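> Got a sequence here, can you build the structure:
(chains A and B)
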Number of protein chains: 2
Amino acid sequence: MKLALAQLNPTVGDIAANSRLILQSIGQAAEQGADLVIFSELVLTGYPPKDLLLKPRFIADNQAALQEIAAQCQSIGALIGFVCEHTGPTGKQLHNAAALIQNGRVVATYYKQLLPTYDVFDEQRYFAPAKSQQVVEFMGRKIGLTICEDIWQTPDQQTRRLYEINPFEDLARAGVDLIVNMSASPFVINKHAFRIDLFGRQCRQHRIPLVYVNQTGGNDDLIFDGASCAFGRNGELIAQARDFEPDLLLVDIDRPEQNSIASVKSDIASVHDALVLGLRDYLRKCGFRSVVLGLSGGIDSAVTAAIAVEALGADKVTGVAMPSRYSSDHSVNDARDLAGNLGIPFHIIPIETAHCAMEETLTEIFTGLESDITEENIQARLRGNILMAISNKFGSLLLTTGNKSELAVGYCTMYGDMAGGLAVISDVPKIMVYRLANYINREREVIPISTISKPPSAELKPGQVDQDSLPPYEILDDILERYVEQEQSFQQIVDAGFERDVVGRIIRLVDRNEYKRKQAAPGLKVTSRAFGTGRRMPIAQNYTQK
Amino acid sequence: MKLALAQLNPTVGDIAANSRLILQSIGQAAEQGADLVIFSELVLTGYPPKDLLLKPRFIADNQAALQEIAAQCQSIGALIGFVCEHTGPTGKQLHNAAALIQNGRVVATYYKQLLPTYDVFDEQRYFAPAKSQQVVEFMGRKIGLTICEDIWQTPDQQTRRLYEINPFEDLARAGVDLIVNMSASPFVINKHAFRIDLFGRQCRQHRIPLVYVNQTGGNDDLIFDGASCAFGRNGELIAQARDFEPDLLLVDIDRPEQNSIASVKSDIASVHDALVLGLRDYLRKCGFRSVVLGLSGGIDSAVTAAIAVEALGADKVTGVAMPSRYSSDHSVNDARDLAGNLGIPFHIIPIETAHCAMEETLTEIFTGLESDITEENIQARLRGNILMAISNKFGSLLLTTGNKSELAVGYCTMYGDMAGGLAVISDVPKIMVYRLANYINREREVIPISTISKPPSAELKPGQVDQDSLPPYEILDDILERYVEQEQSFQQIVDAGFERDVVGRIIRLVDRNEYKRKQAAPGLKVTSRAFGTGRRMPIAQNYTQK
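This next block holds a predicted model:
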C-alpha cells in the first residue's frame, strides 16, 4: 500500500485557499501512484483556528468545503482533517475530526480522543472527545486513526498519566495493521528528536508501523516544523519529509527501502529556520510584503535583521538607526556595517531634535524633579513613534527586536522598543541569541564581530550597560529557565546554587512585569514555555515566595 | 441553623492576606452566632489564579495556609474554597475544592464537578472534575455542596446541555436539605437578574433551599459583583448581600423573616459601579495609588475621568489636555470644565513643539509623499509618550479611554491613545458610554453638556468627525453586538435589515484589527463577550464570509 503524506502550510480560516492546496495534493498523490493521501490535523481550517470555531457559519463553510473536495477526489483515498459538528445530546458542539474520502464521497468520519488543554492548547474549549476507538478498513488492512495528542503518551512513563485512555495501546489491542496520526504539532527546540523517540518506542512496543503527518508553516506565535515521518514495526524511521516547508512524501509501508528520509535540522539551526518560517508566514498571512526595524548596533536587532533578510530578501527589509546624544559612535557604525553586509536599505534618523522638543514640552510639569527612568523611556518611545510612522507610511510591518531575557525581567520600554507587529526573537534567551548570531555568521561575517563582542547596552543614558541592572546573562538565563520554563520555586533555584538576593530580585522582576508582556507583540514560540498564549499569568496578583 | 455568607474581596495569589480576611470573617461570624461560615470559590488563592496554579509551590503554600486557618477555627464550622492536589492515577493534578472545617481541623474535602472552559474560563486547563456527589452532614442536616458552574444549568432548557451530569438534580435526588454554592461569578450587565431567576427556578423545581456565596472585587479584566444570596424551597429570595463590596450576610434558613435583602443595582448603574470597583481594585492590587489620563474634551475621556474620581478621589486623578494645531477651542474648554467639575488637577501640555520636531525628523524619509493616516498617528503617539512620561515620573497609572466600538473597528492608535495600563471602558459600546455619561450627570452636571452633545471627533486632522469614517454609532453598535457578542454571520446581520456594504465593511474592520487588540491594555469586562481573554482570535487569518 502506497501512502502519500501531504504536509501542507494552510492559512488559518482561509478555507478556500486551503481547499485548493488540498486538491492539488490529491492530484499529485494520485499521479504518483498513491492509494491514500493523508493530510494534517484540521488542514481545512488551518491550525489553530481558535475562536473562529465559535462562529456557526465557519463550521458550515468548512463542512461544505469538505463535500466539494470529496466530489473531486475520485481516483484515490484521502484522509482530511476538518471540524465536524457534534450531534450528541451533551458536550461541546464540535469534534476535531478526520474524514475518509473514497470514490468521491465521505465514507467515514473519525474524532480526536485526547484534547490537549495546556500550554498554548485550548481544545476542550471547543471540542468534545471521541468516545470510542477509530478503526478504518482500507484496501484490506485495518488502520487505526489518531489525531496528534492521541499518541503523545510515553509507554514507560513513571509519572501519572494525563488521560485515562491510551489510544495507541487500545488500537494495538484491537489488532490494527497500521496507525495513522494526523498532527499539528508546533515546533519547540529539540522536539522532533523527542517525537522520533516517543513514536518509535510505541511502534516497537506494540509491533505496529506508524505514519505521522504534521502541518508546516507559521500561524501567529506557533511554527509548525513539518518533518512528517513513518516508522516500521520495529520502531525504525523508514521515511521523513523535509522540515519547515511543504512536502508530499510517498511512503510504501511494505517496501521501506523505497522510501526517502530527508534530513532535518536540529538545535540552533532548527531555531533559525523556525524563526525564518514564522516571520515569513506571519507577513504573508497578514498581507504584508516588507518589514522595517530599528538597528541599534546591538546583537538583538542584528539577528532579527538577518532572519528577516533570510525570510523575505534584502530588498524587503529596511533598517533604521536612530542615534541619540547617548549613542556611541560604534553603534551607528555597527548598524551601518550590518546593513551593508545584508545589503538592505538603511536610514539614519537622529532623534535629537524630537528629544529636545519633548524635554521642552515636559519642562514645566517636571520642574524641580530629578532625571530617572522616565527620560530613558521618552527616547525609546520617540524611536517607536518614528518606526511606526515609517511602518504606516510605507506599509511595512515593524519588527520588534527584544529577546526573552529582557522581556522576562521587563528590561524594555512599552510603546518604545516593544512597539511592532511581530516579536521575532522574544522567545529566544539572550545566550541563545549569541548562538544564533554565530550560526548566522557560520560562512561569512554577516553580523559585525564588534556587535557580538561588545557588552550589551540600551544606550539610554551615558555609559549604560545591561549588566548595571542585571546579573550576567549566563546566570540570568539559567534562573529564568528554571523559573519560567520549569516552574521551579525560589527555594529550588537557590538550592541549585544561585545567590538568594539575585534569585529573589529576578523572580520579583518576572512577576511584576507581567503588565508589559500583556501588551507585547505576538512572539514566535521556540521554547517549551513562551510568554504569550502558553503562559497565562494574572497581572494584579501578589504571590510572594519566601 | 444560622449560616454566614462571607463575601470577600481576595487578591489573586496573596495567600497570606486572603488568610487574614478569612480568619477575620470566621471571627465575626462566630461572634454573630453563626453555626457555619461559607466562603466563595477559591477564596484562599483569589479567583482566577490562572497559571499560578502551575507552580507546585503555590499549591503547597495554599494547602499549608488552609491548615493554619483550620487550627484557628474552633468554635464554628467553615467552608473554604482552596486548591487541592488530585492524587488519582490519571487526569489534571488539581481540584477546585472546598474544605469543611470543624473543631479546628479539615474534616472533609469536596470538589467541583463541572469545569467551565469557555469565554474567560480555562478550568480544564488546571483541574480534574469530581466524579461523585458531594454531600456533607452538618448539625443533622444533609447539605449538598456545589461550586459555581455546578448549578448553572437551566432546568427547562430546550437546547442541548453542555454537561452530562446535573449536580443540582443529582443532589435533589439524594434528598439533601439544602444546597450550598460557592462561586466566583464575574459581573456582566443583567447577569444578577439572570442568576436570581435561574437559581430560584431550580429551588422551586426541586423544593430545596439554596445558599449562594459570590466573590466581590476586581481581578484584572474581571469584576465580581458579590450580591451573595439565599433562596427558600419555593425559589423565593430570602436574603441578599450588598453588591460590589465585601459583606458578611447572616442567613437563618429556618426563619427567613429574620434575614435582610440588600437591594442591588441593575442596568447602567451596575455597569458604573462595576467599572468603579474594577478600576479601584486594579490599582490597589497592582500597588498604584493614583492615575493620569488625557482629557480630549470628548465623552470617552470624560466618563473615564468621572469613574476614576469615584473610585479613587479627586486628588488621585490628574487630567492632561494636549491640544494640537487641529484641536478646536471647545476641546480644551470642555476638558478644563470637566476637570473643574470633578475638582481634579489639570494640565495643558500643547504638542505643537514636539509635533513640529517629529515632522522635521521625518522630512527627509517622507520627501514627496502625501499626508495620510501616518501623520494622524504621530500626534496620537506623541500624546501617548507625554502621558507615559507623566505616568513614569509621578508613579501614576495611565488610564486609556477608548470604548468598545472604537476598539472593535480599530478606530484607535496603537501606542497612542491605546497607551496605558488599564482600559476602563474598552468593553463599553459607544451608545452605552452616553448612557454612563447621563447616569454620571444624574444629580448635577459633572460631564459638560457640550461634551455630550457635540459630534465625536478624534481631531487628528482639520474638521474631522468620527462619522467621516464610521456609520452612526446606533448602527455600528447594533452590528457589533450581533457580530462580536452573538457570533451572527454576515448574512444573518444583513437579513436583520442592515446594508450589505456597511455590514461587510464593519466585519472586515473587526477581523483585520485583531492585531491592535492583541496589544491593548487589559479592559474591564461588562458585556457577555469582551475583547481580551474571553475572545481568542487568530491574527494572521483569512476567513471571509460571503
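
> and the residue nearest the centre of chain A, bridged to which residues?
Ranked by distance to the mean C-alpha position of chain A (CA atoms, centre = their mean), the top residue is residue A:222 at 2.7 Å. With DSSP bridges as the criterion, residue A:222 is bridged to residue A:219.

> The stretch 251-400 of chain A: helices as residue ranges?
Assigned by DSSP state H, counting those that start in this stretch, the helices in the stretch 251-400 of chain A fall at A:267-286, A:299-312, A:329-342, A:352-362, A:373-394.

> quick one: low-confidence ranges for chain A?
A:155-158 (pLDDT under 70).

> roughly how far apart are residue A:88 and residue A:111?
11 Å (CB to CB, to the nearest Å). Any C-beta I mention is one placed from the backbone N, CA and C, and that applies to glycine too.

> what touches both of these two?
residue A:128 (CB atoms under 8 Å, 6 or more residues apart in numbering or on different chains).

> Need phi/psi at residue A:167.
Dihedral pair for residue A:167: phi -60, psi -40, per degrees, to the nearest 10.

> contacting residues around it?
Going by CB under 8 Å, 6+ apart, residue A:167 touches A:113, A:114, A:133, A:134, A:144, A:146, A:150, A:151.

> Deepest-packed of the helices of the stretch 251-400 of chain A, please.
Mean neighbours per residue, mean count of other CB atoms under 10 Å in any protein chain shown, is largest over these for helix A:299-312, with a mean of 26.

> Can you tell me which residues in the stretch 251-400 of chain A are near chain B?
Contact residues, the stretch 251-400 of chain A versus chain B (CB under 8 Å from any CB of the partner chain): A:281-282, A:285-286, A:347, A:349-351, A:353-354, A:356-358, A:360-362, A:364-366, A:369, A:372-374, A:377-378, A:381-382, A:384-386, A:388-390, A:392-393.

> Identify the residue spatially nearest to the closest residue to chain B within the stretch 1-150 of chain A, adjacent ones excluded.
The nearest approach of the stretch 1-150 of chain A to chain B comes at residue A:13, 3.2 Å away (CB to the nearest CB). Sequence neighbours aside, residue B:543 is the residue nearest to residue A:13 in space, at 3.2 Å (criterion: CB to CB, 6 or more residues apart in numbering or on different chains).

> now swap in residue A:111 and tell me
Using CB to CB, 6+ apart, the closest residue to residue A:111 is residue A:130 (3.4 Å).

> again with residue A:418
Using CB to CB, 6+ apart, the nearest residue to residue A:418 is residue A:412, at 5.2 Å.

> ok, residue A:331 to residue B:117 distance?
Counting by CB to CB - residue A:331 and residue B:117 are separated by 49 Å.

> How about residue A:137?
35 Å.

> okay, the two: which has more neighbours?
Taking other CB atoms under 10 Å in any protein chain shown, residue A:137 and residue B:117 do not tie; residue B:117 has more neighbours (21 against 11).

> what about the more buried one, distance to residue A:115?
Taking CB to CB, one finds residue B:117 at 10 Å from residue A:115.

> Touching both of those two, which residues are there?
What both residue B:117 and residue A:115 touch, as defined by CB under 8 Å, 6+ apart, is the set residue A:124.

> ok so, going back, so who does the residue nearest to the centre of chain A touch?
A:48, A:120, A:186, A:187, A:525.

> I'd like the helices of the stretch 251-400 of chain A laid out as CSV, including distance to residue B:306.
Formatted as CSV, the helices of the stretch 251-400 of chain A follow (distance: least, CB to CB, whole Å):
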stretch, distance to residue B:306
helix A:267-286, 38
helix A:299-312, 43
helix A:329-342, 47
helix A:352-362, 26
helix A:373-394, 28
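
> Near chain B, which residues of the stretch 401-546 of chain A are found?
Checking the stretch 401-546 of chain A against chain B by CB under 8 Å from any CB, the hits are A:414-415, A:419, A:421, A:487, A:489-492, A:515, A:518-522, A:533, A:535-545.

> mind listing the strands for the stretch 151-300 of chain A?
Using DSSP state E, counting those that start in this stretch, the strands of the stretch 151-300 of chain A run over residues A:178-182, A:210-213, A:216-219, A:222-225, A:229-231, A:237-240, A:247-252, A:291-294.

> Direction included, what does the longest one pair up with?
This means strand A:247-252. strand A:2-7 (antiparallel).

> Chain B contacts on the stretch 101-250 of chain A?
A:117-118, A:122, A:124-125, A:160-164, A:218-220.

> how about 10 Å then?
Residues of the stretch 101-250 of chain A found near chain B (CB under 10 Å from any CB of the partner chain) are A:115-119, A:121-126, A:128, A:159-166, A:217-222.

> ok, back up a step: any idea how far the residue nearest to residue A:418 is from chain B?
Using CB to the nearest CB, to the nearest Å, residue A:412 is found at 13 Å from chain B.

> just checking, that residue is part of a strand?
No - assessed with DSSP: H, G, I helix; E, B strand; the rest coil, residue A:412 is coil; it does not lie in a strand.

> Phi and psi next, for it.
phi -170, psi 160.

> got the contact list for it?
A:380, A:400-403, A:406, A:418, A:423, A:426, A:458, A:513, A:516-517, A:520 (CB atoms under 10 Å, 6 or more residues apart in numbering or on different chains).
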